[in-house]
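Trainee: Whatever this is, show me its structure:
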Amino acid sequence: MTEQDILHELDETKNKFFLDLEHGYFHTAGSRITLFADKSRWAIVMEKTGYGNRSMSIEIDICYYSNCLAMEEYTLGFNNTGVELFSEIDFQNIGKGFELVDTEARFITIRDKKLPIEKDENKYKEKGIKIRDYDNPDHQIDFVALTRYLDEQYPELFRASDAEIHKYLPADLPKLMTIDKWHHKTYWEIYDSNPYGEDTRPSTYETFQMIAKILVTKDTTLWKPTLPPNNDWRNWPEAGSL
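Mentor: Prediction:
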């Protein structure tokens, strides 16, 4: 278990999924990285929450990189799973129009918690969340805006639980730390580098170099990033654009 072992695993993309904050079918809201390690085992769990415009649901997308992953499909190279928080049928119960919230709908239930649906457009604007203007003459709150607003209001409900994360990890694998803000680069699964020219392999920049060092040493005080954090969804405007 060396830093190079970990970075090589991150760079190896065949049939694996690296966290994509600007996926064309997913309107990203929140994101997080959780690190686990002991003397011989390690795991990096990257997750994002948002609205899937194909599934029409609120989901958590989870990517695992590990040397001890207990995921049957991992033998075939796949390393991701998902958690559905609010289904297409649930949205049908509060929706009116295409991906728009009925003005009469008052609540949305996430993890058995009844959350109020904010209707004041100014509250969204204060957070930099735009309400969809096309095909929306009555200025209804849209599903994407609602997802992002609620994620920021109740982040603890929109992150994977310990049980959900550990579903594919050894139960006794210790958690080292959680990272909520970091510098991220898009890394395409089917390329060794970004097709637009810049080499974006995780091994080439500070974030994952530092993460690898933390996993090997178990010293969380080594997390001292100098690159500006950019994983906030506002920095990825093309998310969900397909």
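Trainee: can I assume residue 236 is in contact with residue 28?
Mentor: Yes: at 5.9 Å, residue 236 counts as touching residue 28 under the criterion of C-beta atoms under 8 Å. Glycine gets a C-beta too; all of them are placed from N, C-alpha and C.
Trainee: where exactly do the helices run in the protein?
Mentor: Assigned helices in the chain, in chain order: 3-11, 88-94, 121-126, 143-153, 162-166, 206-217 (criterion: DSSP state H).
Trainee: mind listing what's buried in stretch 109-124?
Mentor: Buried residues in stretch 109-124, counting neighbours by 16 or more other C-beta atoms under 10 Å, are found at 110, 115, 117-118, 124.
Trainee: Would you convert these into CSV that also reports pLDDT and distance to residue 7?
Mentor: Below are these laid out as CSV (pLDDT from 0 to 100; distance: C-beta to C-beta, whole Å):
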residue, pLDDT, distance to residue 7
110, 98, 36
115, 98, 40
117, 98, 44
118, 98, 42
124, 98, 40
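Trainee: Out of the residues you listed, list just those in strands.
Mentor: If you go by DSSP state E, the buried residues of stretch 109-124 have 110, 115 in strands.
Trainee: Dump the buried residues of stretch 109-124 into a markdown table; add distance to residue 90 as well.
Mentor: Formatted as a markdown table, the buried residues of stretch 109-124 follow (distance: C-beta to C-beta, whole Å):
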| residue | distance to residue 90 |
| --- | --- |
| 110 | 9 |
| 115 | 12 |
| 117 | 12 |
| 118 | 17 |
| 124 | 21 |
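Trainee: which neighbours do residue 236 and residue 28 share?
Mentor: Taking C-beta atoms under 8 Å, 6 or more residues apart in numbering as the criterion, residue 236 and residue 28 both touch 21-22.
Trainee: if you count what's nearby, which of the two comes out ahead?
Mentor: residue 28 (27 against 21; other C-beta atoms under 10 Å).
Trainee: wait, doesn't residue 136 sit right on residue 100?
Mentor: Yes: using C-beta under 8 Å, residue 136 is in contact with residue 100, at 6.3 Å.
Trainee: ok, what's across the strand from the residue most central in space within the chain?
Mentor: By C-alpha atoms, centre = their mean, the chain has its centre lying nearest to residue 48, at 0.9 Å. Assessed by DSSP bridges, residue 48 has beta-bridge partners residue 31, residue 61.
Trainee: okay but it is in contact with residue 33, surely?
Mentor: No: counting by C-beta under 8 Å, residue 48 stays clear of residue 33, with 10.2 Å between them.
Trainee: can you map out the strands along this protein?
Mentor: 26-37, 42-52, 57-66, 80-86, 107-110, 113-116, 175-179.
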